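1. quick one: sequence and predicted model below, then my questions.
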Amino acid sequence: MKAYTIRDLSNASGLSRSTLLYYESIGLLKAEERSEAGYRLYSDKSITRLRQICTYRDAGVPLSEIARILESGGDDAKGTIFTKTLAALNQKACEIQKHQTQIAALLSRKTQQGTLLSRTDKDSAMVSITMFGLDRAIFEHIEQIITDHSRHKAILQMCGFADAEITRMHNILEHQ
């Protein structure tokens, strides 16, 4: 058996030592043995398992669900968990769309001086956006989606917004 140290796993995966130790503490990853000096030693099997963990984690699957997938090994469990994860991600996407609507409304409101925020006044808009916990990259992404009305409309419809509400939002955005 080729033996790998935790440093080897860290280098191969890009994960920190503390993350790997955490995975071990919750039962996701296990050292097959210890060296004479007490170091954890992992096998090729561990590397394969770690790659699976990273793949599922990168797809948004919670660690507790990853553990269930790895324990069951069955496609039924995977299908159920992936469906549940996809639904949760869709819910998050809808929440982001609602934040987008709120931001659009903030951008269209009059400032205290009575003037409208312009699209080029990104610094002022960023103050409002920061209140929602969003960063500049997300703002720029939202701005791109907002300007593509057909894409924006499809996303808002998926989140349950009525056509009249979508039209009102687009009108607000066009009058900036």
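-> The structure has been received and is ready for your questions.
2. what strand or helix carries residue 153?
-> Assessed by DSSP states H and E, residue 153 sits inside helix 149-158.
3. got the buried residues for that helix?
-> Buried residues in helix 149-158, counting neighbours by 16 or more other C-beta atoms under 10 Å, are found at 152-153, 155-156. Every C-beta, even on glycine, is put in place using the N, C-alpha and C of the backbone.
4. over to stretch 20-36?
-> Within stretch 20-36, the residues that qualify as buried by neighbour count (16+ other C-beta under 10 Å) are 20, 23-24, 28-29, 31.
5. how does the chain divide up, domain by domain?
-> Here the domain parsing of the chain from automatic domain parsing is 6-73, 87-174.
6. which of those domains sits closest to residue 81?
-> Among those, the nearest to residue 81 by C-beta to C-beta is domain 6-73 (4.7 Å).
7. now do the closest one: distance to the chain's middle.
-> In terms of C-alpha atoms, centre = their mean, to the nearest Å, the centre of domain 6-73 is set 21 Å apart from its chain centre.
8. what is the rounded mean pLDDT of it?
-> Model confidence over domain 6-73 averages 92 on the pLDDT scale.
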